[in-house]
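> here is a sequence with its predicted model. Questions after.
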Amino acid sequence: AQSVSQHNHHVILSEAASLELGCNYSYGGTVNLFWYVQYPGQHLQLLLKYFSGDPLVKGIKGFEAEFIKSKFSFNLRKPSVQWSDTAEYFCAVRSSGNTGKLIFGQGTTLQVKP
Amino acid sequence: DTGVSQDPRHKITKRGQNVTFRCDPISEHNRLYWYRQTLGQGPEFLTYFQNEAQLEKSRLLSDRFSAERPKGSFSTLEIQHTEQGDSAMYLCASSETGTNYGYTFGSGTRLTVV
């Protein structure tokens, strides 16, 4: 069965620090990959997605992620975080050809200290 | 149509009661998904509709849960004989079909069973 693993459950950073959140998935076929963010009290919002092509994808708010097929990874990065990035981040995978359901990781809570 | 709407936002119910939630997807989206999210976890897939047809149900969806999408537009999720373990955020998402599509999530219905 497909699964998604996010290595860090809770990350605390100071403003301007660099961020990298790990995400690994288990699925042998073609996948589509997503990162979602959930700000306190708000709904899930798409940060970025990978379908095909350039494995380095850029999203909103300065986030980017790199798809490394050989490592089954899709890590999220941001060079310099802001206090407003405090939120929960979810990695998700969709296997192409099925119903289109997303399988989510357990999430990483990011706390940015001003 | 500004997004996916869910109603109610919050529901408190006594154990054993039945509850029903509603989701109004983006009008041109023919796929609709229900997820459940508990504290500290990522959303878990419950069920999926393509138009009015329910095409997949998770094993998480016990016999007490039923979902409908009678005219291929809005959907309802009913939980009968609620249990404390049903307390969670219930999320709805909709999407188009095709090769490279994303999802729009609603704000969710938070259920508390007391």
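Good, I have the coordinates. Numbers count the residues shown, from 1 in each chain, chains lettered A, B, ... in the order given.
> list the beta-bridge partners for A:Glu64.
A:Lys58, A:Arg77 (DSSP bridges).
> name all residues that make contact with B:His81.
Residues near B:His81 by C-beta atoms under 8 Å, 6 or more residues apart in numbering or on different chains: B:16-18, B:64. For glycine as for every other residue, the C-beta is placed from the backbone atoms N, C-alpha and C.
> wait, is it part of a helix?
No - B:His81 sits outside any helix when classified using DSSP: H, G, I helix; E, B strand; the rest coil, being coil.
> next one: stretch A:54-70 to chain centre, how far?
Stretch A:54-70 sits 9 Å away from the centroid of its parent chain (C-alpha atoms, centre = their mean, to the nearest Å).
> could you list the residues in contact with it?
For stretch A:54-70, the external contacting residues (C-beta under 8 Å, 6+ apart) are A:33, A:35, A:46-50, A:73-80, A:85.
> which one of these is nearest A:Ile103?
Distance to A:Ile103 across those (C-beta to C-beta) is lowest for A:Leu33, with 10.6 Å.
> what's the distance between the closest one and chain B?
Per C-beta to the nearest C-beta, to the nearest Å, A:Leu33 is found 12 Å from chain B.
> that's a helix at that residue, yeah?
No - in this structure, A:Leu33 is strand, not part of a helix, as judged by three-state DSSP.
> ok but A:Arg94 is inside a strand, no?
Yes - under three-state DSSP, A:Arg94 falls within a strand.
> wait, doesn't it sit right on A:Phe74?
No - using C-beta atoms under 8 Å, A:Arg94 makes no contact with A:Phe74, being 11.8 Å away.
> re earlier: TSV for the contacts of B:His81, including distance to chain A and secondary structure?
Formatted as TSV, the contacts of B:His81 follow (distance: C-beta to the nearest C-beta, whole Å; DSSP: H, G, I helix; E, B strand; the rest coil):
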residue	distance to chain A	secondary structure
B:Gly16	30	coil
B:Gln17	26	coil
B:Asn18	26	coil
B:Arg64	21	coil
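> ok, which stretches of the chain are strands?
Let's take chain A. Counting by DSSP state E, chain A has strands at residues A:3-6, A:10-14, A:19-21, A:23-26, A:31-38, A:45-50, A:56-58, A:64-68, A:73-78, A:87-95, A:103-104, A:108-113.
> my bad, chain B
In chain B, the segments counted as strands under DSSP E are B:5-7, B:10-13, B:19-24, B:31-37, B:44-50, B:53-57, B:65-68, B:75-79, B:88-95, B:104-105, B:109-113.
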